[in-house]
Each structure stands twice: as structure tokens, then as C-alpha cells.
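>>> Fold the following, please.
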Amino acid sequence: MRRARLIAFALVAAAAGSSPFWGPPALRHLPWFAADRVEVAGARLLAPHEVVQASGVRIGMNVWADPAAWEAALRRHPVIASASVERKLPSTLRIRIVEKRPVAFLSGTLRPATATGEILPVDPARVPVDLPIAGTAPDSASRVRDRATLRVLAEAARLADADPMLMARVSEVGIRRDGATRLVMAAPRAEVLLASGAAEPRLTQLRAALADVDRRLPGGGRAVLDARFADQVVVRLLAPTPAPVPAPQPPSQN
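So this is what the prediction gives:
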């Protein structure tokens, strides 16, 4: 019985492969091809069950069904950039997604935003995403409209593409009124000033300067690095602020 079923399955699958115009519609009503497993690939910000729910794919649906409606539903999700649904015979549907890339958390709300200002409905407490804080609190639930914040997001994305290891150490990013990019580093504790649009040679110099600061910085101290000038990085090491000395207590009157 099992052998006969395998032979029949092979014949049906071969017929479907050789006759794509009539094959899939003819197979959409065969119980052999009812999905008993759904796989999700590419999900990082979303949980797999959220992807499945957004797609409309359900256990028991035929793997030969037209996936266009599922893919369209996935693309409507605000976190998903692109999606495809593939069949894995005999009874598995595989959902592949590409998520939109957040570049920073917005100040005030800590919602992740993309380089173009889309605010992604993702709970940062649930998803372990390491991003710098940028800009100001948004005036919309779905998109940043403040031009200054949009500039900061675009610069954060550019720097993340140019030097992801550097940006992994940045806790805050901003653009000053004079146009300089300001980075607050988590390790070492430092503030960095960069010319807007700084390219790889300058970032290489900055990495070397930060490594030197990391070796020389006293415990509890911090540094300011100004990399806006040609061929040099100006470094200032700031000693730890001494703890205030408590005022002497007057003697008790007993």
C-alpha cells in the first residue's frame, strides 16, 4: 500500500512538473498535498507565528494553491519588505521574508525606525536589537516627519553600512547645528565628532584613535574625539569627576 502510494505520488508530481498549466489546479483538491507543516525563514524582528498569521497560510491548505494572495498579505505588513511562499512536497509550505532594517531607536518612544523614517511596530523589550538612540519623539505612529530626525536616521544608516562594527558601539547618534555628526560611544566612554558624510579613510583613523583611547583612558574617565579635521583626530581625555565630599555633620547636642 505504501509503495503504491509513493508510486502514485511520483507520477502525479511528474505530471505536474511537465504540465504546469493544468497540473497545479488539478492537484489543489488532492488530500495528499494538504499542508501539515509551515516553515518561516528570515524572521528576526517578528516571531514566526506572527509571520504565519499575517500570511493567511493555515495547516490543511493545499500546497499547490496560488501563493499570490499570501505573498500580497505579507507585503502589507509594516515590518516586511518582501516575501515569497514556496512549496516543499509533499506537504510543507515555506514562507521566506525580508524584513525592513531599523537603524535607530527614536528618542522618547524607543521605537525602531528605518533610514527613510518608517516606524516599525516592534516592541524593543521583546526583540534583542542593538541600535543607537536618535532624533526626537515622533509626531506620528507610523512615520517620522521631522526633517532633522530624518537626516539623523539617514546618517545612521550610512555609517552602519560603512562601518557596522563601529556603529555597534554607538549608543546615541545626532547631528549638531553646525552639521557635524555626533556619536556617543558606549565603549570606550567617548563623544565623537565627525564631518557629515565621513568616508572609510576617516572611519579607519577614528577606529585607531578609539583603540588608543581604550588603552589610555583611566577608569571612570571619558574622552572627546574630534575627527572633523583633515588627516588628524584630536583627542581629549577627561578625568573622572571626583565624588562630592560629604559635609561634616555638627556634633550632636546631648
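
>>> which stretches of the stretch 151-254 of the chain form strands?
With DSSP state E, counting those that start in this stretch as the criterion, the stretch 151-254 of the chain has strands at 170-175, 181-185, 190-194, 222-227, 234-238.

>>> Adding mean pLDDT, mean neighbour count and distance to Ser107, write these out as CSV.
Heads up, the C-betas are built off the backbone N, CA and C, glycines and all. Formatted as CSV, the strands of the stretch 151-254 of the chain follow (pLDDT from 0 to 100; neighbours: other C-beta atoms under 10 Å; distance: least, C-beta to C-beta, whole Å):
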stretch, mean pLDDT, mean neighbour count, distance to Ser107
strand 170-175, 96, 20, 8
strand 181-185, 97, 20, 12
strand 190-194, 97, 21, 17
strand 222-227, 95, 19, 21
strand 234-238, 92, 14, 24
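
>>> could these go into JSON lines alongside distance to Ala73?
Output for the strands of the stretch 151-254 of the chain, formatted as JSON lines (distance: least, C-beta to C-beta, whole Å):
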{"stretch": "strand 170-175", "distance to Ala73": "35"}
{"stretch": "strand 181-185", "distance to Ala73": "39"}
{"stretch": "strand 190-194", "distance to Ala73": "42"}
{"stretch": "strand 222-227", "distance to Ala73": "47"}
{"stretch": "strand 234-238", "distance to Ala73": "53"}
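
>>> To Arg151, which of these lies closest?
Arg151 sits nearest to strand 170-175 of all the strands of the stretch 151-254 of the chain, at 5.6 Å, using C-beta to C-beta.

>>> what's the closest one in contact with?
104, 132-135, 148, 151-152, 155-156, 159, 181-186, 196 (C-beta atoms under 8 Å, 6 or more residues apart in numbering).

>>> Just the buried ones out of those residues, please.
For the contacts of strand 170-175, a burial check counting by 16 or more other C-beta atoms under 10 Å picks out 104, 132-135, 151-152, 155-156, 159, 181, 183-185.

>>> Determine which two of those residues are furthest apart.
Maximum distance among the buried ones among the contacts of strand 170-175 (C-beta to C-beta): 20.5 Å, for Arg151 and Met185.
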